[in-house]
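have a look at this prediction, sequence included:
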Amino acid sequence: MIEIYNTLTKKKEEFKPITPNKVSMYVCGPTVYNFIHIGNARPMIVFDTVRRYFMYKGYEVNYVSNFTDVDDKIIKAAIEEGVDSEEISTRYIAECRKDMADMNILPATRNPQATQEIEGMINMIQILIDKGYAYPVSDGTVYYRTRKFDGYGKLSHKNIEDLEGGHRDIKVTGDLKEDPLDFVLWKPKKEGEPSWPSPWCDGRPGWHIECSVMSKRYLGDTIDIHAGGEDLIFPHHENEIAQSEAANGVPFAHYWMHNAFLNINNKKMSKSLGNFFTVREISEKYDLQVLRFFMLTAHYRNPLNFSAELMESAKAGLDRILTGAERLKDLIEQADETDLSSAEMAGLQESEKFTIQFEKAMDDDFNTADAITAIFDFVKFLNTNTDENSSKAYLTGLHDSLWRLADVLGLILDREEENLDDEIEELIQERQDARKNKDFAKADEIRDKLLAMGIVLEDTREGVKWKRA
Ligand code: AMP
Ligand code: ZN
């Protein structure tokens, strides 16, 4: 039984899927105006691990995570560089995908982009207007009528009176909204900004409506899990609930999961304080497996401090696991195909306790810190309970269990092979580019090079596939 801490109820609850053996999950993704920073990497790694654990438990996971590709920060970056917004977002989506691959984050079932979903947003806004939950004003802005939604505040556990108090001193002169609590669904364009036609004005969507629409389109009106960093609880997720539940008339998400923040040297990460790292910067010094491992050494609901020393100790910890794994592989290579001895049979049985320990930790609201302890204990057991005389069957049994657990955390124990795979993928991409540029000599040269590496290419309808000859 998997228990999840649900921000909505402030309790750990047993996970009960809407459809047996299936999980629908929406994770708010990054705004793409720059390289992602290591704070953004935390929800990516944490919720990828949640997804992997569901898969390990036999669930089919439909995992949707968006890219916010229309936003003030993107527009600002575009103006600074003198290019259009799309160039900025396209560039940083590509860079983000590269970082995610290097952190061994499984590709999402879908990564919708806000700018491709405008029609759905206009439709949902129209439904909200028709139902009396939203209203356009004279300049073309459409606002959500917050007070009309009964459950407003249920996720962030704020009541409307407190929110009102917080807004009391905000100047409302010149403001066209009915109530300071109302938030924007659609806003008119300003000169030089990307915009789309709508029944209200040429403009662009507010941030919150994007996620309500993309979640509905790809996962349905009610989903199992909605997730993101804790800064999103209010107002982003609170507003998403108000929009989706008012428009669809059913609960939006059964479980709300939020990761705590990553700090640097115990301070909030901030560019102006100079304590700010992109994932790409970290990759210059470390294999991003180390960053992934580091993130998982803490429970996702605890704040996590990042420092040079803590990264070094994560590296040392991961190395201990990798060294144990390497030793096991070497033993397997030279082991005899003898039968399992009775002592080995008992050893295999005993080793099951590490899987049980691991699952117990993960069942308890995805406690990856304790799950890592189970892996350390497993490696210690391997180091003392295997040697040159162990049979292949015994070693392989242990190998398979350890690899299965490491895979839940997204830790790659077969490092060289993975690196080789990356290199092959890169060469294939280079060959594709060469063909696109009609440089067939270069394309053939790359094909020959791959052939020499024992890689055979096949052009299929879904693109180029490769296999080892
Ligand atoms: P943004 O691009 O700011 O919308 O953020 C994308 C995701 O990263 C959201 O889920 C944020 O909550 C999360 N996030 C941003 N900064 C941090 C941080 N320092 N620690 C943990 N999560 C963060
Ligand atoms: Zn969102």
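Good, I have the coordinates. Ligands and ions are numbered 1, 2, ... in the order given.

grab the nearest non-local neighbour of S138.
In this structure, S138 finds its nearest non-sequential neighbour in L176, 6.3 Å apart by CB to CB, 6 or more residues apart in numbering. No exception for glycine: its C-beta is placed from N, CA and C like everyone else's.

which secondary element of the chain has the worst mean pLDDT?
Per-element confidence for the chain was summarised using mean pLDDT, DSSP states H and E. The lowest value among helices and strands belongs to helix 160-167, with a mean of 72.

ok, and what's touching the very next helix or strand once past that helix?
For helix 160-167, the succeeding helix or strand toward the C-terminus, using DSSP states H and E, is strand 183-188. By CB atoms under 8 Å, 6 or more residues apart in numbering, the list of residues contacting strand 183-188 from outside reads 121-122, 125, 128, 134, 136, 139-144, 146, 198, 200-206, 208-209, 235, 239, 243.

got it, and stretch 397-404?
Contact partners of stretch 397-404, identified using CB under 8 Å, 6+ apart, comprise 56, 325, 328-329, 332, 347-348, 351-352, 354-355, 375, 378-379, 382, 386, 413.

so which other helices or strands are in contact with the longest helix along the chain?
Across the chain, the longest stretch assigned as helix under DSSP state H is helix 308-334. Packing partners of helix 308-334 (3 or more CB pairs under 8 Å, 6 or more residues apart in numbering; DSSP states H and E): helix 288-296, helix 368-385, helix 392-408.

buried residues, it. List them.
Applying a neighbour-count criterion of 16 or more other CB atoms under 10 Å, one finds 311, 314-315, 317-318, 321-322, 324-325, 328, 331-332 buried in helix 308-334.

the residue in the stretch 351-469 of the chain that ligand 2 sits nearest to and N259, how far apart?
Among residues of the stretch 351-469 of the chain, the one nearest ligand 2 by CB to the ion turns out to be F366. It sits 20.3 Å away. Using CB to CB, to the nearest Å, one obtains 10 Å as the distance from F366 to N259.

got any residues that touch both of those two?
Where contact means CB under 8 Å, 6+ apart, the residues bridging F366 and N259 through contact with each are 46, 300.

tell me where the model's unsure across the chain.
In the predicted model of the chain, residues 165-174, 415-419, 469 satisfy pLDDT under 70.

the strands in it, which residues?
Secondary structure of the chain (DSSP state E): strands located at 3-6, 11-14, 22-27, 60-65, 134-136, 142-144, 183-188, 203-205, 223-229, 253-259, 262-264, 304-306, 455-460, 463-468.

ok, the residue in the stretch 351-469 of the chain that ligand 1 sits nearest to - contacts?
Evaluated by CB to the nearest ligand atom, the stretch 351-469 of the chain has T368 as its residue closest to ligand 1, separated by 14.9 Å. Residues counted as contacts of T368 (CB under 8 Å, 6+ apart) are 46, 49, 296-300, 361-362, 409.

again, only using 10 Å
Counting by CB atoms under 10 Å, 6 or more residues apart in numbering, T368 makes contact with 45-46, 49-50, 53, 293, 295-300, 358, 361-362, 408-409.

again with I118
Under the criterion of CB under 10 Å, 6+ apart, the contact list for I118 reads 70, 186, 195-198, 204-205, 210, 213.

which of the residues you listed fall within helices?
Short answer: the contacts of I118 in helices (DSSP H) are 210, 213.

circling back: so what's the closest residue to the residue of the stretch 351-469 of the chain closest to ligand 2 other than its chain neighbours up against?
The shortest distance from F366 to any non-neighbouring residue, by CB to CB, 6+ apart, is to V50 (5.5 Å). V50 sits next to 2, 4, 23, 25, 27, 61, 63, 225, 227, 257, 259, 300, 362, 365-366, 368, 408 when contact means CB under 10 Å, 6+ apart.

for ChimeraX, what selects the buried ones among the residues you listed?
The following ChimeraX selection, which keeps only the buried ones among the contacts of V50, applies the criterion 16+ other CB under 10 Å:
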select :2,4,23,25,27,61,63,225,227,257,259,300,362,365,366,368,408
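
what bridges to the closest residue to ligand 1 within the stretch 101-250 of the chain?
The stretch 101-250 of the chain approaches ligand 1 most closely through G229 (1.9 Å), counting by CB to the nearest ligand atom. Counting by DSSP bridges, G229 forms beta bridges with N259.

I figured K98 hits R280, correct?
Yes: in this structure, K98 is within contact of R280 by CB atoms under 10 Å, at 8.4 Å.

how about the residues of this protein by ligand 2?
Applying the criterion CB under 5 Å from the ion, the portion of the chain that neighbours ligand 2 consists of 28, 211.

okay, now the residue of the stretch 101-250 of the chain closest to ligand 1: neighbour count?
By the other CB atoms under 10 Å criterion, the neighbourhood of G229 contains 19 residues.

picking up where we left off before, looking at K98 and R280, which one has more neighbours?
A direct count of neighbours by other CB under 10 Å for K98 and R280 places R280 higher, at 17 against 14.

gap between that one and A41?
For R280, the distance to A41 equals 11 Å [CB to CB].
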